[in-house]
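Undergrad: Quick one, what's the 3D model for this:
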Amino acid sequence: QVQLVESGGGLVQAGGSLRLSCQASGRTFSSYTVGWFRQAPGKEREFVGFSKIGSTSYADSVKGRFTLSRDNAKNTVYLQMNSLKPEDTAIYYCAGRGGYSRGYYDYEYSYWGQGTQVTVSS
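TA: Residues are numbered from 1 along each chain as shown. As a prediction, this is how the structure comes out:
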């Protein structure tokens, strides 16, 4: 079993930056694919990006602004968010799956964090 805990959310002005963290416990995380999703009020949860061994991938809406990185020694994945826009406002969730696979869809993930709120003011 894997437990995931997100942190780092908050309130920031448009154009600012935040770094979200997703820390895993319960199992070695280095081989897992870690995805980030977000859900804005009244909208469906959407893919933001994933990090797997050898590659990362991002949604078009965040490409060039968001960057994923991993610190396997800390069992932590980071989502660096730059040039934030009001439309980035959402609850951000990290998720984990095994199998060395990509993961663009939320149903592909077995483990989920509780979410962290990101609010970008205009």
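Undergrad: Give me the pLDDT for the closest residue to residue 105 other than its chain neighbours.
TA: Closest residue to residue 105 apart from its sequence neighbours, by C-beta to C-beta, 6 or more residues apart in numbering: residue 47 at 7.1 Å. Quick note: C-beta positions are derived from backbone N, CA and C, even for glycine. We have a pLDDT of 98 for residue 47.
Undergrad: following whichever strand or helix holds residue 47, which helix or strand comes up?
TA: If you go by DSSP states H and E, residue 47 is part of strand 46-52. Remark: after strand 46-52, the chain's next helix or strand is strand 55-58, criterion DSSP H and E.
Undergrad: That next one pairs with which strands, and in what direction?
TA: Counting by DSSP bridges, the strands paired with strand 55-58 are strand 46-52 (antiparallel).
Undergrad: rewinding a little: ok, and what's touching the strand holding residue 47?
TA: Contact partners of strand 46-52, identified using C-beta atoms under 8 Å, 6 or more residues apart in numbering, comprise 33-39, 56-59, 62, 66, 68-70, 77, 79, 92, 100-106.
Undergrad: What score does residue 96 have for pLDDT?
TA: Note for residue 96: predicted pLDDT of 94.
Undergrad: Find the helix or strand that residue 69 is a member of.
TA: Using DSSP H and E, residue 69 falls in strand 66-71.
Undergrad: next one: that strand to chain centre, how far?
TA: Offset of strand 66-71 from its chain centre (C-alpha atoms, centre = their mean, to the nearest Å): 9 Å.
Undergrad: Check which residues of it are buried.
TA: By neighbour count with 16 or more other C-beta atoms under 10 Å, strand 66-71 contains the buried residues 66, 67, 68, 70.
Undergrad: With stretch 98-111 instead?
TA: Buried residues in stretch 98-111, counted by 16+ other C-beta under 10 Å: 103, 106, 109, 111.
Undergrad: Check the gap between residue 57 and residue 24 for me.
TA: According to C-beta to C-beta, to the nearest Å, residue 57 stands 20 Å off from residue 24.
Undergrad: Between these two, which is the more surrounded one?
TA: Neighbour totals were compared for residue 57 and residue 24, and residue 24 leads with 23 against 16 (other C-beta atoms under 10 Å).
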